[in-house]
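*Asks:* Fold the following.
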Amino acid sequence: MTTVGWLPDGAEALFGDGATAEDAYGLLTVDVPAESWTSALRAARDDLGCSYFDWLSAVDEPGTGIRVCAHVVALPGAGQGIRRLVLRTTVPHEAPALPTATGVYAGAGWHERETHEMFGVDFTDHPHLAPLLLPDAFEGHPLRKDFVLAARVVKTWPGAKEPGESGHGGPKRRTMLPPG
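*Replies:* Okay, here's the model as predicted:
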């Protein structure tokens, strides 16, 4: 069992079976299985002192699933600086669901609502998983890679032509010559 970064023990010992850790550029990243999500967050808070919840979001990775990430921080203590930790897990595209983190970090509520709306991840037992940013009649999850931007399909992109090419008869941009 090897320790990584500022972890006092191996990743599996702290976060459970299947957990892996890496440290790069002062950011400790721990990947856990989806079934260990809330217990890993609880271990980060209780065992590692990560009492500050910063953010939670997701990334759609085609062919892999939706990776949910939470950034938590252990604030400076006696002789220690700020210690940052990103906990990640991956849920399948077909049934993206995780237990809510609001029981561990109350501040996760808003972030889970946004992630639910933008990526379609269902946070089970969330106290109020209601729409947050999109209109009520909106269909789909706009930050998923399979979401089609309707505005790009309906009309052409307005910046498709250079000045002087639009046929309006306006002046053409002067051609720049290379230096020298």
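*Asks:* Return the set of buried residues in the biggest helix by length in the chain.
*Replies:* Within the chain, and with DSSP state H defining each element, the longest helix by residue count is helix 108-119. Buried residues in helix 108-119, counted by 16 or more other C-beta atoms under 10 Å: 108, 109, 111, 112, 113, 114, 115, 116, 117, 118, 119. (Each C-beta comes from the backbone N, C-alpha and C, glycine too.)
*Asks:* Tell me the spacing between residue 8 and residue 74.
*Replies:* 12 Å (C-beta to C-beta, to the nearest Å).
*Asks:* any low-confidence regions in this protein?
*Replies:* Low-confidence segments of the chain (pLDDT under 70): 1, 150-176, 180.
*Asks:* can you rerun that using 90?
*Replies:* Along the chain, the model assigns pLDDT under 90 to residues 1-3, 5-6, 26, 76-81, 131, 136-138, 146-180.
*Asks:* Going along the chain, name the strands of it.
*Replies:* 20-24, 27-31, 52-61, 65-74, 83-91, 97-99, 122-124 (DSSP state E).
*Asks:* list the helices and strands the fifth one packs on?
*Replies:* Here strand 83-91 is seen to pack against strand 27-31, helix 37-46, strand 65-74, strand 97-99 when contacts are counted using 3 or more C-beta pairs under 8 Å, 6 or more residues apart in numbering; DSSP states H and E.
*Asks:* got it, and the third one?
*Replies:* Counting contacts by 3+ C-beta pairs under 8 Å, 6+ apart, strand 52-61 is packed against strand 65-74, helix 108-119.
*Asks:* Give the buried residues for it.
*Replies:* Within strand 52-61, the residues that qualify as buried are 53, 56, 57, 58, 60, counting by 16+ other C-beta under 10 Å.
*Asks:* can you redo the helices and strands packed on strand 52-61 as CSV with distance to residue 88?
*Replies:* Output for those, formatted as CSV (distance: least, C-beta to C-beta, whole Å):
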stretch, distance to residue 88
strand 65-74, 5
helix 108-119, 13
